[in-house]
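> Everything below, folded, please.
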Amino acid sequence: MVTKTKIRILSIILMAAVFSLIVFLIYPLFKDIKKSSSDILEQKQKLLLLESRAGDLENFKNRYLEIEPDVKKTETLFVRADLPVDFIRFLEKTAKDSKIAAKIFLSPGRSVEGKSWQVFPFQVAIGGSFPNFLGFLEKLQSSQYLIDVQDISVSSGSASISFLVLAK
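Coordinates of the predicted model:
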């Protein structure tokens, strides 16, 4: 009888040891393996995403090199907001080339709501013949600058143009 009791006690102790071994060693080990494998999968996904972004960036760099001249041309469409002197020189030269006398008036620039550019209101008082005035107006509208003519008034021997110029 003592032997059966000893065998039962030993069996219970052995089962408890095996159960403890499973609960305290094997289960945490499998749990760590599962966590590590999910971390590895997550890192692989991040790596694939980064490789994709790197490829997109390389494509963008190549595309930018192709369109860079057009971007630089676009920059010339805007008057410099801090110093619109080049545009004023353009107006003076165009007036001279059109054989008219011009007085240029500039109002302070104002921002366009929700946009990264400003507009500068200009007014030009012109003295000269009507055909020369039309030539000036045509050169103004076909210039490289983004101009929005707001008002034109013409009387005998003089005219006035009010317009907005986009600036950045």
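> what's the distance between Arg8 and Asp32?
The gap separating Arg8 from Asp32 is 35 Å, by C-beta to C-beta, to the nearest Å. C-betas here are computed from N, CA, C, even on glycine.
> scratch that, Glu66 is what I was asking about
51 Å.
> again, but for Leu134
Leu134 is 84 Å from Asp32, by C-beta to C-beta.
> what's the answer for Val165, then?
Look at Val165 and Asp32: by C-beta to C-beta, they are 67 Å apart.
> Looking at these two, which one has more neighbours?
Val165 (23 against 10; other C-beta atoms under 10 Å).
> Now tell me which helix or strand of the chain has the poorest mean pLDDT.
Within the chain, judged by mean pLDDT, DSSP states H and E, the helix or strand with the poorest mean is strand 110-111; its value is a mean of 60.
> Adjacent strands (with direction) for the helix or strand that that strand is followed by?
Once the chain leaves strand 110-111, the next helix or strand it forms, by DSSP states H and E, is strand 118-127. For strand 118-127, the paired strands and their directions (DSSP bridges) are strand 101-106 (antiparallel), strand 110-111 (antiparallel), strand 158-167 (antiparallel).
> sec struct for Lys99, please.
coil (DSSP: H, G, I helix; E, B strand; the rest coil).
> Quick check: what element follows the helix or strand where Ile7 lies along the chain?
For Ile7, the element it lies in under DSSP H and E is helix 2-21. With elements assigned by DSSP H and E, the helix or strand that comes after helix 2-21 is helix 27-75.
> what does the average pLDDT come to for that next one?
Averaged across helix 27-75, pLDDT comes to 85.
> Could you shift the numbering so residue one becomes 17, and keep it that way?
Yes, from this point I'll number from 17; that puts the last item at helix 43-91.
> That helix versus helix 18-37: what angle between them?
Relative orientation of helix 43-91 versus helix 18-37 (axes from the mean of the first three to the mean of the last three C-alpha atoms, to 10 degrees): 10 degrees.
> quick one: contacts for the closest residue to Gln139 other than its chain neighbours?
Nearest residue to Gln139, sequence neighbours excluded (C-beta to C-beta, 6 or more residues apart in numbering): Phe121, at 4.4 Å. Contact partners of Phe121, counting by C-beta atoms under 8 Å, 6 or more residues apart in numbering, are 138-141.
> Let me see the backbone angles for the residue nearest to Leu182 when sequence neighbours are not counted.
Nearest residue to Leu182, sequence neighbours excluded (C-beta to C-beta, 6+ apart): Leu162, at 4.1 Å. The phi and psi values for Leu162, taken as degrees, to the nearest 10, are phi -90, psi 100.
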